[in-house]
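Asker: Pasted the sequence and its predicted model underneath.
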Amino acid sequence: MASSLTCAGVVWAFLSFLCAAASCVGFFMPYWLLGSQLEKSVSFGTFRRCSYPVRDESRQMTVMVEQCGRYASFQAIPSAEWRICTVVTGLGCGLLLLVALTALMGCCVSELISRTVGRVAGGIQFLGGKCLCGEGMWASS
């Protein structure tokens, strides 16, 4: 199997893939914030939630729906900050995954990744990481 990467490049490729996979899993899991409401355990992330209150009109009271799911629409996400966080984190995960998969392909295909392509990919990966780290700024609002 021919490779266009050095040993350090191969290690970078596999670590990049593991980090991108962990970021994507974290993005899709609804366990960003944990707490309780109406004596039930609740959690939610940028676009998923578990155990949330719903108004039951037949009984004229608020009940807890004990299941996980996405918000019905993008506008149903509770605040503008969380909507921005969803978009920015999703873009960051996408960029990280794109670079990681390209780097893994470089392990198998010769002459795929040159020094310039490696530098550009590292820059894109840095930007993707900044998108993921920058979301904390929005979440604290």
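Answerer: Sure thing, it's come through. Residues are numbered from 1 along each chain as shown.
Asker: alpha carbons only for contacts and neighbour counts from here, please
Answerer: Will do.
Asker: Quick check: which ranges of this structure have low pLDDT?
Answerer: Residues of the chain that meet the criterion pLDDT under 70 lie in 1-4, 112, 128-141.
Asker: which stretches of the chain form strands?
Answerer: Assigned by DSSP state E, the strands in the chain fall at 33-37, 40-44, 48-56, 61-70.
Asker: For this structure, which residue occupies the most central location?
Answerer: Nearest to the mean C-alpha position of the chain, counting by C-alpha atoms, centre = their mean, stands Phe27 at 2.9 Å.
Asker: residue contacts, that residue?
Answerer: Neighbour list for Phe27: Gly45, Thr46, Thr89, Gly90, Cys93 [criterion: C-alpha atoms under 8 Å, 6 or more residues apart in numbering].
Asker: Could you identify which of the residues you listed has the most neighbours?
Answerer: Highest neighbour count within the contacts of Phe27: Thr46, with 27 neighbours (other C-alpha atoms under 10 Å).
Asker: For this structure, which segments are assigned as helices?
Answerer: Along the chain, the segments classed as helices by DSSP state H run 7-28, 80-108, 115-139.
Asker: chain center to the shortest one: distance?
Answerer: Relative to its parent chain, helix 7-28 has a centroid offset of 13 Å by C-alpha atoms, centre = their mean, to the nearest Å.
Asker: Not counting stretch 69-79 itself, show me its contacts.
Answerer: Contacts of stretch 69-79 (C-alpha under 8 Å, 6+ apart): Thr46, Phe47, Arg48, Arg49, Cys50, Arg83.
Asker: picking that back up, out of the contacts of Phe27, which comes closest to Ser58?
Answerer: Gly45 (29.6 Å; C-alpha to C-alpha).
Asker: The closest one touches Met29, doesn't it?
Answerer: Yes - contact criterion C-alpha atoms under 8 Å: Gly45 and Met29 qualify, at 6.8 Å.
Asker: Which two among the contacts of Phe27 are spaced furthest apart?
Answerer: Applying C-alpha to C-alpha across those, the maximum distance is between Gly45 and Cys93, 14.8 Å.
Asker: Pull the most distant pair out of the contacts of stretch 69-79.
Answerer: Across these, the longest distance by C-alpha to C-alpha is 17.7 Å; it joins Cys50 and Arg83.
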